[in-house]
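K.L.:
Sharing a sequence plus its predicted fold:
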Amino acid sequence: MQELQHWRLEREPAGLAWLTFDKAGESTNTLSEAAVRELGLVLDELEREPPKALVIRSGKNAGFIAGADIEEFTKIESAEGARALVQRGWDMYNRLAAVKYPTLALIRGHCMGGGTELALACRYRVAVDEPGTRIALPEVMLGIVPGWGGMLRLPQVIGPAAALDMMLSGRALDAKRAKRLGFADECVPPRVMDNAARMLATSGRPPRKLPLMQRLMNGPLKGFVAAQAKKQVMKRARPEHYPAPYAILDMWANYGGDALAVPADKPTSMNAIAASPTTKNLVRVYYLQERLKGFGKDSDFAPKHLHVIGAGVMGGDIAAWAALRGLTVTLQDQSVERIAPAIQRAAAAFKKKLRDDTQVRFTLDRLIPDPAGQGVRQADVVIEAIFENLEAKRKLFADIERIAKPGAVLATNTSSLKLEDIATALQNPARLVGIHFFNPVAKMPLVEVVEGASSDAAALKQAMAFVRKIDKLPLPVKSAPGFLVNAVLAPYMQEAMRCVDEGIAPEVVDEAALAFGMPLGPIELADTVGLDIAVAAGKELAGEGAVPPKKLLELVEAGHLGRKTGCGFYTYNQGKPAKQAAGAVPAGLAERLVRPLLDAVQRCLAQGVVADAELADAGVIFGTGFAPFTGGPMNYLKEHPQVGP
Ligand SMILES: NC(=O)c1ccc[n+]([C@@H]2O[C@H](COP(=O)([O-])OP(=O)(O)OC[C@H]3O[C@@H](n4cnc5c(N)ncnc54)[C@H](O)[C@@H]3O)[C@@H](O)[C@H]2O)c1
């Protein structure tokens, strides 16, 4: 056989063959053109001398397979190029699926996209039960489709409902869930994985069969299932913004999961997907995310203990999130009674998220009520999240500094106070940094790491390493009113409320923003944030001499503060706004709404609040949900110069 660079084939005397994927010169396995071609050479060799069974595994500690090679993918410029890439994997995996000898994928660590499709082309799958094992078909998040057999085989293996959920959301399975759904035949601990793979591969066990109902849903009932799923997709993504989920449904329901079978002139064809700017922009968003993930990587700071002061809306949720991510957390407030609601909220959230009583107990054990603030002494990171009062914060930090470990990160979660004004209360003001979370903490991926005038560079780096440790995306920003995210959101929301003052219905204003691609209309967003907070933010951030929206002030005066009081611009029933049908959106309304946001982003850039346009885009997308298919506000301005200043 020709010399292989990326795969290693070893045969045991008893006939079992082990094929190890170990991409040359890289720490993760990606399925580049060369790697897929070599897999073909291996299959040629195994055809000449068939093994008793074949186990495919990874030679990397990082995981099984991260998917196709995104670098290669970004270089594709034509529909023909995109079709050729799909064809390559589709053909290869069909070939693998057709071999006569039993095949097994031994999955440990990440298993994404083309890696999952390779596993699906095997007869059996063993998932190794450890925290890093994540199995997904995340193509939709890049605006593309699982074209290497995922749309054909995943529904056959786990049934269409679960398969469509995975393919349309990009959500990952852990090893236990993979077993429960039938994706994995076995879920085993690492120490027995090789043995389990050997035994199953040579067992002669027939592949698992789907229950009858699932087979019907994958056969004659496909049209019905696809129509139901489409309704759900339409609630989340408009086809003009995100064609890929609609293409996945059409390809599965009408073309046997074969992306290449859809005629080129259909909006769900590979040609249409390749031509859509969404794909390019979502790949950009992927790279932006990778860039944020890189912050703090060069630090060896490995925090284990977080101390949070203030168990309110933010502090309570920050503490719960960090405990969920494996840290020991002490949570301080003025009394046990003030901490109790946060622990209760955390318990409910853990239950929902972990679905395993033992894990819930372990996680709750890590979240320790600490009314006396004992934890400050041991903590690696201390986050202050008490109410927004400068004197109270100054006093607190003067006390914290005296007893905290010399190397501990000292951070404030303040949204509107000047970091510099708090920092001067410390003996060493350089120690203070901002770690600014967004509400709701569990849902918002971004955290701004704020550099004050005197903040120490090493402390900032440690703060970013901490943010990564709890699986959030750190955005380095300079201390300035509203930092980046609130500074761009406030004028956008104010403009929306001014439209309401002019007589445009809130529903119409919100619809204009949704049609632009925002996740939530600005009026509903204001109600959600709280109208009292909107007034305060407006005063601080709307700019010199800006007149506050009239209706906003009237509502606040009447005690209608939005969702939390059941009434704001909308009235709320069980947390849901009662909305009238929006009707026609006047031309230019969306542009009018977005204009102040775009201006504010440019202002922040000019003032150096964020270092460059890429980081501005990343911050605004992950901090506000700004239409990801546009690639971010700065990218949008570049692609729509007519909207420019
Ligand atoms: N609410 C938001 O959406 C949001 C978002 C980002 C940042 N922030 C910032 O987070 C901080 C907290 O905001 P919140 O909305 O969670 O407030 P909150 O009013 O819900 O909670 C504040 C808590 O701090 C406690 N507290 C006050 N003084 C204390 C002290 N000296 N020692 C211990 N505990 C004390 C209070 O008892 C209360 O439980 C503020 O600085 C705010 O600017 C808020």
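P.N.:
Cool, got the structure.
K.L.:
Flag every residue of the stretch 401-550 of the chain that's near the ligand.
P.N.:
413-416, 437, 439 (C-beta under 6 Å from any ligand atom). Glycine gets a C-beta too; all of them are placed from N, C-alpha and C.
K.L.:
how about Asp532, what does it touch?
P.N.:
Asp532 sits next to 556, 561 when contact means C-beta atoms under 8 Å, 6 or more residues apart in numbering.
K.L.:
any idea how far it is from the ligand?
P.N.:
11 Å (C-beta to the nearest ligand atom, to the nearest Å).
K.L.:
Tell me which residues of the particular helix or strand that has that residue in it come out buried.
P.N.:
Remark: Asp532 resides in helix 531-541, with elements defined by DSSP states H and E. Neighbour-count burial for helix 531-541, counted by 16 or more other C-beta atoms under 10 Å, picks out 531-538, 541.
K.L.:
before we move on, what about stretch 362-380?
P.N.:
Neighbour-count burial for stretch 362-380 flags 363-364, 366-370, 373, 375-376, 379-380 (criterion: 16+ other C-beta under 10 Å).
K.L.:
In helices, which of the residues you listed fall?
P.N.:
Judged by DSSP state H, the buried residues of stretch 362-380 include 363-364 as members of helices.
K.L.:
Format the buried residues of stretch 362-380 as CSV; extra columns: distance to the ligand and pLDDT.
P.N.:
Formatted as CSV, the buried residues of stretch 362-380 follow (distance: C-beta to the nearest ligand atom, whole Å; pLDDT from 0 to 100):
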residue, distance to the ligand, pLDDT
Thr363, 21, 97
Leu364, 20, 98
Arg366, 20, 98
Leu367, 16, 98
Ile368, 15, 98
Pro369, 12, 98
Asp370, 10, 98
Gly373, 8, 97
Gly375, 12, 98
Val376, 11, 98
Ala379, 15, 98
Asp380, 20, 98
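K.L.:
Next, Ala385: phi, psi?
P.N.:
Phi and psi for Ala385, reported as degrees, to the nearest 10, are phi -140, psi 50.
K.L.:
Just list the residues touching it, thanks.
P.N.:
Here Ala385 is in contact with 308-310, 312, 314-315, 318, 413 (criterion: C-beta under 8 Å, 6+ apart).
K.L.:
Who wins on neighbours among the residues you listed?
P.N.:
Highest neighbour count within the contacts of Ala385: Val308, with 30 neighbours (other C-beta atoms under 10 Å).
K.L.:
in terms of contact, does that one touch Asp333 like I think?
P.N.:
No. Counting by C-beta atoms under 8 Å, Val308 stays clear of Asp333, with 9.1 Å between them.
K.L.:
Now for the two: what residues contact both?
P.N.:
Gly315.
K.L.:
Give the buried residues for stretch 45-65.
P.N.:
Buried, per 16+ other C-beta under 10 Å, within stretch 45-65: 45-46, 51, 53-58, 60, 63-65.
K.L.:
Break this protein down into its structural domains.
P.N.:
7-217, 305-479, 486-643 (automatic domain parsing).
K.L.:
so can I have JSON lines of these showing distance to Lys266?
P.N.:
Shown next, in JSON lines, are the domains of the chain (distance: least, C-beta to C-beta, whole Å):
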{"stretch": "domain 7-217", "distance to Lys266": "13"}
{"stretch": "domain 305-479", "distance to Lys266": "34"}
{"stretch": "domain 486-643", "distance to Lys266": "20"}
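K.L.:
Nearest to Ala275, out of those?
P.N.:
When these are compared by C-beta to C-beta, domain 7-217 sits nearest Ala275, at 6.5 Å.
K.L.:
That closest one - what's its average pLDDT?
P.N.:
Per-region confidence: domain 7-217 scores 96 on mean pLDDT.
K.L.:
Can you give me the end-to-end span of it?
P.N.:
38 Å (C-alpha to C-alpha, to the nearest Å).
K.L.:
ok, now stretch 161-178?
P.N.:
By C-alpha to C-alpha, the extent of stretch 161-178 from end to end equals 14 Å.
K.L.:
still on that earlier bit, list only those of the residues of the stretch 401-550 of the chain next to the ligand flagged as buried.
P.N.:
Buried among these (16+ other C-beta under 10 Å): 413-416, 437.
K.L.:
Just to check, Leu181 is in contact with Ala161?
P.N.:
No. Applying C-beta under 8 Å as the test, Leu181 and Ala161 come out as separate, 10.1 Å apart.
K.L.:
More neighbours: which of those two?
P.N.:
Neighbour count, other C-beta under 10 Å: between Leu181 and Ala161, Leu181 has more, with 18 against 15.
K.L.:
So what does that one look like in phi/psi?
P.N.:
For Leu181, the backbone dihedrals are phi -80, psi -10 (criterion: degrees, to the nearest 10).
K.L.:
tell me the contacts of it?
P.N.:
With contact taken as C-beta under 8 Å, 6+ apart, Leu181 is in contact with 158-159, 162, 173.
K.L.:
Counting only helices, which of the residues you listed make the cut?
P.N.:
Per DSSP H, helices hold the following members of the contacts of Leu181: 158, 162.
K.L.:
Columns distance to the ligand and neighbour count on top of the contacts of Leu181, output as a markdown table?
P.N.:
Formatted as a markdown table, those follow (distance: C-beta to the nearest ligand atom, whole Å; neighbours: other C-beta atoms under 10 Å):
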| residue | distance to the ligand | neighbour count |
| --- | --- | --- |
| Ile158 | 39 | 23 |
| Gly159 | 40 | 20 |
| Ala162 | 35 | 19 |
| Leu173 | 32 | 22 |
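K.L.:
Spell out which two among the contacts of Leu181 are the most distant pair, please.
P.N.:
Gly159 and Leu173 (13.3 Å).
K.L.:
for the buried residues of stretch 362-380, which one is nearest Ala197?
P.N.:
So of the buried residues of stretch 362-380, ranked by how close each gets to Ala197 (C-beta to C-beta), first place is Thr363, at 31.2 Å.
K.L.:
Do I have it right that that closest one meets Phe350?
P.N.:
Yes. The pair Thr363 / Phe350 is scored as a contact, 4.9 Å apart, by C-beta under 8 Å.
K.L.:
Find the residues that touch each one of the two.
P.N.:
Residues touching both Thr363 and Phe350 comprise Leu324, with contact defined as C-beta under 8 Å, 6+ apart.
K.L.:
Quick check: phi and psi at the residue nearest the centre of the chain.
P.N.:
Nearest residue to the geometric centre of the chain (C-alpha atoms, centre = their mean): Pro445, 6.6 Å. Main-chain dihedrals, Pro445, degrees, to the nearest 10: phi -80, psi -20.
K.L.:
And it, how far from the ligand?
P.N.:
14 Å.
K.L.:
Then Ile383?
P.N.:
From Ile383 across to the ligand, the span is 9 Å (C-beta to the nearest ligand atom).
K.L.:
and what of Arg108?
P.N.:
38 Å.
K.L.:
what about Ala463, how many residues close to it?
P.N.:
Counted by other C-beta under 10 Å, the residues lying close to Ala463 total 29.
K.L.:
What residues does it make contact with?
P.N.:
296, 381, 409, 411, 433, 435, 449, 474.
K.L.:
can you do 10 Å?
P.N.:
295-296, 299, 301, 303, 381, 383, 409-411, 433-435, 447, 449-451, 455, 474, 476 (C-beta atoms under 10 Å, 6 or more residues apart in numbering).
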